[in-house]
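Asks: What follows is a predicted structure for the sequence shown.
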Amino acid sequence: PLIIHITGTKGKGSTLSYCESLLRNTYGLTTGMFTSPHLVCIRERIRINGIPVSKKVFAEVYWTVRRTLEENSHVMLQQ
């Protein structure tokens, strides 16, 4: 997959939004976007094709990641 990583101190959000919109609307690509921090809701940080992930998808992924971390915490502590 093509990944664009934007860093710096000013203008990251607007630059990322512009790039995401260009890739999606001009080239018809499927896009995913993660930004930080969120303004209102944590789900707005994660967008697929310009739309924030649903509460259902966010909850499913959150609990999958959390369970995996809890089940493997002994491995991480040994390192």
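Replies: Arrived safely, thanks for sending.
Asks: how about low-confidence regions in this structure?
Replies: Applying pLDDT under 70 to the chain flags the ranges 76-79.
Asks: for it, what's the longest helix?
Replies: helix 55-71 (DSSP state H).
Asks: can you give me how far that helix is from the chain middle?
Replies: 14 Å (C-alpha atoms, centre = their mean, to the nearest Å).
Asks: Look up how far T7 lies from V61.
Replies: 25 Å (C-beta to C-beta, to the nearest Å). Every C-beta, even on glycine, is put in place using the N, C-alpha and C of the backbone.
Asks: Between the two, which has more neighbouring residues?
Replies: Neighbour totals were compared for V61 and T7, and V61 leads with 12 against 5 (other C-beta atoms under 10 Å).
Asks: residues contacting that one?
Replies: Remark: with contacts taken as C-beta atoms under 8 Å, 6 or more residues apart in numbering, V61 is in contact with V53.
Asks: re earlier: how about the CA coordinates for the longest helix of the chain, as CSV?
Replies: This file holds the C-alpha atoms of helix 55-71, laid out as CSV (Å, rounded to 0.1, in the frame of the first residue of the first chain):
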residue,chain,number,x,y,z
LYS,A,55,-19.0,3.4,16.5
LYS,A,56,-19.5,-0.3,15.8
VAL,A,57,-16.2,-0.6,13.8
PHE,A,58,-14.3,1.5,16.3
ALA,A,59,-15.6,-0.6,19.2
GLU,A,60,-14.8,-3.9,17.5
VAL,A,61,-11.3,-2.9,16.7
TYR,A,62,-10.7,-1.4,20.1
TRP,A,63,-11.7,-4.5,21.9
THR,A,64,-9.8,-6.8,19.6
VAL,A,65,-6.6,-4.8,20.1
ARG,A,66,-7.2,-4.6,23.9
ARG,A,67,-7.8,-8.3,24.3
THR,A,68,-4.7,-9.1,22.2
LEU,A,69,-2.5,-6.8,24.3
GLU,A,70,-3.9,-8.3,27.5
GLU,A,71,-3.4,-11.9,26.3
